[in-house]
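K.L.:
Quick check, what structure comes out for this input:
(chains A and B)
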Amino acid sequence: MRSFSYVRPTDVPTAVRAITGSPNAKFLAGGTNLVDLMRQGVEHPDTVVDVTGLPLTTVDEQPDGTVRIGALVRNSHLAAHPLIRTRYPMLTLAILMGASGQLRNMATVGGNLLQRTRCHYFYDRTTACNKRDPGSGCAALTGYTRNHAILGASTSCIATNPSDLCVALRALDAVVEVESAQGRRRVPMARFHRLPGNTPSVETTLAPEELITAVELPNLPMAAMSRYRKVRDRASYAFALVSVAAALETESGVITDVRLALGGVAPTPWRASKAEAVLKNALATTASFQAAAEAELAEAVPQPDNAFKVDLARRTITATLQRLATDGSPTKQ
Amino acid sequence: MRVNGASRPVELEPRVSLLDALREHLGLTGTKKGCDQGACGACTVLVDGERILSCLSLAVQHEGREITTIEGVDTPLRAAFVKHDGFQCGYCTSGQLCSALGMLAEHRAGAPSAVTEHVATRPDLTTDEIRERMSGNLCRCGAYNGIVAAIEETAL
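P.N.:
Got it, this is the predicted structure:
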C-alpha cells in the first residue's frame, strides 16, 4: 500500500476543510472497501480523512415520522435497530443478507453508498478497465461476465453495483444528505448513483469535496410489510446474482401502491419503474406480477455468461411479489 | 494501543493494518492472516467487544479502543472446540473463536440475522442461526459441523 497522510477530525466542518482543495484525498469510514482497494493499488489517496470520529452515529425518528440515519451508523446497528426492523424490514433484511457479521460491524451507511463494484477486472490492475483507468478499455466485455449487468450498462462498462443496502434505500425513496464548504444539500437516491455512459469512473453525482452526513427514510407505512430476496452462488456471504426489494399495498385485491428495486443486475441500485407502472391499479395476481417483470426486463441486454439473469430476475420479482400478496409479513425469503 | 487489557505503546505508519500491527509489531501471532482482503475471517478480533476483521482496519483507527485477540480470551468455547473436533489444521480457529464470542454477544443483545423468521422479533439461537451468523469464517478443512456443535454446547 502506498503511504499517505492521515487525519481524524472530530467535527464535520473540520472534516470538510481537510478534504477541500485536495483532489487526491479520500474520506475513510469502516474501511471494508477502501482499505482493500488501497492494498490492491486500485485506490491511492495521498491523504486519508478518517471520519469515524464524527458525531453522525444515531438513528432518530423525526416529528413527521421520517427516520434520519447518521452516515456513520454501522450496518449491524442499523439492521438491528427497532425502528428499522419494524417499519422498514426490507432494509434490515437487505443489510443482513450482505457481507458477514464482522464486516457489518465495521461498514457504515455512508460508506455503503460509495461502495465500488466487485467486477474482477476493476480489481485486476493487469487488465483494461475504464472505471479504474479511464480510456483504457473494458476487459469484461470480452471476459467472464457471470456477475455483470443486464440493465443500464454501456459499451464502456458492464460492472454492477454490489450493494444490497442501497437497493432497499432506492425502493424506499431515501434521501442522502451531504455537506461541503458550500453548505448542505439533499440528494434523492434516484439521483445519487449515475449510469456509466462514457464515464464509468464517475459513479455518483457527489462533488469530490462533499461528505455524506445522513440518510433519511420517508414515513412510508406500506414499508412495514416489505421484503428483500437475494439469489446468489452460495447461501450466505456472497454478492447477489439478482436481488429484489419490494413493498406492496393492496385493497380488495387491487394494487394501490408498490415499490420495487433490483440489485445485482445493473451499474446502479435499479428502481423497477416500468414494472411498478404495470402493477399500479392492477389485480394482485401472479399474471400481473409476471407481466410487470416482463416489462422491466424487456430491454435487458445480457452478456454471454449471464443470460440466465434475465429469467432469474423475472422469477425472483414474481416470487417476491407473490409472497407479499399472500403473506405480507416481513419474514425471511 | 490497548490490547488484551494492557497499554501497548507503539509507533506505526498510518498504512499499517491492525492485523500487521498485532502480529508484526506486538508479537501477537495468534491472530492469523488468511486472505488479507476480508474474505475469510481468519483475522477476526474483538474491538470494544464487537467482532471485526483486523486486515481491513488501519491500526491507527483503533487508537484508545479496547482490542481483544485470541491471546486475551479465556472461554469454555476453547475446550468445546477440542471436544467436538472443531478444527483440523487450526489456522482458522482463533478467528472462529473470536467471531463466535462476538456473535453470541450480538445474539444476547437481540440482533436478528438473515435467517430469522420475523426480523422484528428476538430469535432463538438455532443451528441455522449459528451457521448463518458464522458464515464470515471459512474453514478450509471443513470442520463446520464440529464448530457449530461446540458453539451450541457453549451457548446452552
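K.L.:
residues in the stretch 151-300 of chain A within reach of chain B, list them.
P.N.:
Proximity of the stretch 151-300 of chain A to chain B (CB under 8 Å from any CB of the partner chain) is limited to residues A:A235, A:S236, A:Y237. No exception for glycine: its C-beta is placed from N, CA and C like everyone else's.
K.L.:
what's the burial count for the first one?
P.N.:
Read it as A:A235. Neighbourhood size, A:A235 [other CB atoms under 10 Å in any protein chain shown]: 11.
K.L.:
show me the contacts for residue 62.
P.N.:
No chain specified, so I'll use chain A. A:R68 (CB atoms under 8 Å, 6 or more residues apart in numbering or on different chains).
K.L.:
wait, chain B
P.N.:
B:M1, B:L18, B:V47.
K.L.:
What lies in contact with stretch B:16-24?
P.N.:
Contacts of stretch B:16-24 with the rest of the structure, by CB under 8 Å, 6+ apart, involve A:35, B:1, B:3, B:10, B:12, B:25, B:28-29, B:31, B:33, B:36, B:43, B:45, B:54-62, B:67, B:69.
K.L.:
One more pass at 6 Å, please.
P.N.:
Residues outside stretch B:16-24 that contact it (CB atoms under 6 Å, 6 or more residues apart in numbering or on different chains): B:L12, B:L28, B:T29, B:T31, B:K33, B:C43, B:S54, B:C55, B:S57, B:A59, B:H62.
K.L.:
Flag every buried residue along the longest helix seen in chain B.
P.N.:
The longest helix of chain B (DSSP state H) is helix B:93-108. Using 16 or more other CB atoms under 10 Å in any protein chain shown as the test for burial, helix B:93-108 gives B:93-104, B:106-107.
K.L.:
what's the neighbour count on residue 65?
P.N.:
Using chain A. Using other CB under 10 Å, A:G65 is surrounded by 12 other residues.
K.L.:
wait, chain B
P.N.:
By other CB under 10 Å, the residues close to B:R65 number 13.
K.L.:
hang on, it packs against B:G49?
P.N.:
No - with contacts defined as CB atoms under 6 Å, B:R65 does not count as touching B:G49, sitting 10.2 Å away.
K.L.:
Drop anything exposed from the contacts of stretch B:16-24.
P.N.:
Buried among the contacts of stretch B:16-24 (16+ other CB under 10 Å): B:L12, B:L28, B:T31, B:K33, B:C43, B:S54, B:C55, B:S57, B:A59, B:H62.
K.L.:
I'd like to know which of these is nearest to chain A.
P.N.:
B:S57 (5.7 Å; CB to the nearest CB).
K.L.:
Can you list phi and psi of that closest one for me?
P.N.:
Main-chain dihedrals, B:S57, degrees, to the nearest 10: phi -110, psi 140.
K.L.:
So for the residue of chain B found nearest chain A, what's the nearest residue that isn't a sequence neighbour?
P.N.:
Chain A sits closest to B:G136 of chain B, with a gap of 2.4 Å, by CB to the nearest CB. Among residues not flanking B:G136 along the chain, A:S100 sits closest, at 2.4 Å (CB to CB, 6 or more residues apart in numbering or on different chains).
K.L.:
State the distance from that neighbour to A:A107.
P.N.:
Between A:S100 and A:A107 the computed distance is 10 Å (CB to CB, to the nearest Å).
K.L.:
intersection of neighbour lists for the two?
P.N.:
By CB under 6 Å, 6+ apart, no residue touches both A:S100 and A:A107.
K.L.:
what does stretch A:4-21 contact?
P.N.:
Here stretch A:4-21 has contacts from A:25, A:45-51, A:53-54, A:179-181, A:209, A:211, B:14, B:60, using CB under 6 Å, 6+ apart.
K.L.:
Since that was my last question, I'll sign off now.
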